[in-house]
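>>> Predicted model and sequence below, questions to follow.
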Amino acid sequence: MIVIKNSRVRQMLRWVIPLLAIPALVALGAAVLPEKQHLLVSLGVAVLAVVLFLTGFEQKKTGARRMVIVSVMVALCIVGRMIPLFKPVTALTIIIAMYLGGEAGFLTGALAAVLSNFYFGQGPWTPFQMLAWGLIGLMAGYLAPLLKKSRALLLIFGVLAGAAYSMVMDVWTVLWYDGGFNPALYLTAVAAALPHTAVYALSNFAFLWFLARPFGEKLERVRVKYGV
């Protein structure tokens, strides 16, 4: 397991990779690369997500243990996407980010999207899904102290995360339909997707209501026991 030892480099990468590098890569891929090369963008996002994950720890044993837990959560997310309509990917990404950090949350969301799409279908939309779920995990990690203290705040965050995911995917919808970003068309797409967005946001509310506490207790126990 590679370790990034320089603390200044780690801090810089924690901000540059998720907020600049990955969004720029996704935007560039959508604007420049043909659809048949979308897998290159997805691969690039996955690699950057792993690098971001590596910034979150200093010891090899700690990083390896975190990776095992992330792998399990990614597998649960993939299985969860098989559930019709109600999908717990966002909720599980939020939960792991709360207990293992935003880097782990970003990696979980990004890998859940690209790996599950080998079943659901890869396409130019995959990098947007990776970015959306990844950023939700990252923000959940940053807000973890607040989300752990207040169940109400956690549920509100889950609802907003569902809306944010849908709005990011609406960007892809406009780019696919119009060949460029049209603000008026984007607002139309957001309005048209409101019923689906509402269902998805409410499903996040339900999953976090039932899963946050039991999953959180287990993750906290593992984190303390193995020094993760």
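That came through fine.
>>> Residue 185: how many residues sit nearby?
16 (other C-beta atoms under 10 Å). (C-beta placed from N, C-alpha, C; glycine too.)
>>> Could I get the buried residue list for the helix or strand hosting residue 175?
In this assignment (DSSP states H and E), residue 175 forms part of helix 151-178. Within helix 151-178, the residues that qualify as buried are 154-155, 157-159, 161-166, 168-175, counting by 16 or more other C-beta atoms under 10 Å.
>>> Then stretch 103-117?
Buried residues in stretch 103-117 (16+ other C-beta under 10 Å): 103-114, 116-117.
>>> Tell me the one of these nearest residue 20?
residue 106 (13.6 Å; C-beta to C-beta).
>>> what residues are up against the closest one?
Residue 106 makes contacts with 18, 49, 52-53, 97, 134-135, 137-138, 141, as judged by C-beta atoms under 8 Å, 6 or more residues apart in numbering.
>>> quick one: which helix or strand includes it?
helix 102-120.
>>> moving C-terminal of that helix, what's the next helix or strand?
Next along from helix 102-120, by DSSP H and E: helix 126-142.
>>> tell me the mean pLDDT for that next one?
Computed over helix 126-142, the mean pLDDT rounds to 96.
>>> For that helix, could you pull out the residues that count as buried?
Across helix 126-142, burial judged by 16+ other C-beta under 10 Å covers 126-141.
>>> and of these, the nearest to residue 65?
residue 141 (17.0 Å).
>>> Next, the contact list for the residue nearest to the closest one when sequence neighbours are not counted, please.
Nearest non-adjacent residue to residue 141, counting by C-beta to C-beta, 6 or more residues apart in numbering: residue 102, 2.4 Å away. Residue 102 makes contact with 14, 18, 56, 137-142, 144, according to C-beta under 8 Å, 6+ apart.
>>> could you measure residue 102 against residue 31, distance?
Shown here: residue 102 relative to residue 31, a distance of 27 Å by C-beta to C-beta, to the nearest Å.
>>> Repeat that for residue 129.
18 Å.
>>> Look at the spatially closest residue to residue 124 that is not a sequence neighbour and say how many residues are nearby.
Closest residue in space to residue 124, ignoring its immediate chain neighbours: residue 38 at 4.4 Å, by C-beta to C-beta, 6+ apart. Neighbours of residue 38 under the rule other C-beta under 10 Å: 18.
>>> Low-confidence bits of this protein, can you list those?
1-6, 35-36, 57-63, 228 (pLDDT under 70).
>>> ok, longest helix in it?
helix 194-225 (DSSP state H).
>>> Give the buried residues for that helix.
Neighbour-count burial for helix 194-225 [16+ other C-beta under 10 Å]: 197, 200-201, 203-205, 207-208, 211-212, 215-216, 219, 222.
>>> so it versus helix 126-142, what angle?
The directions of helix 194-225 and helix 126-142 differ by 50 degrees, with axes from the mean of the first three to the mean of the last three C-alpha atoms, to 10 degrees as the criterion.
>>> Can you classify the closest residue in space to residue 28 that isn't next to it in sequence as helix, strand or coil?
Spatial nearest neighbour of residue 28, chain neighbours left out: residue 41 (8.0 Å); criterion: C-beta to C-beta, 6+ apart. Assigned with DSSP: H, G, I helix; E, B strand; the rest coil, residue 41 falls in the helix class.
>>> burial count for residue 41?
A count of nearby residues for residue 41, using other C-beta under 10 Å, gives 23.
>>> For it, give me its contacts.
With contact set as C-beta under 8 Å, 6+ apart, residue 41 has these partners: 25-26, 28-30, 33, 124, 126-127.
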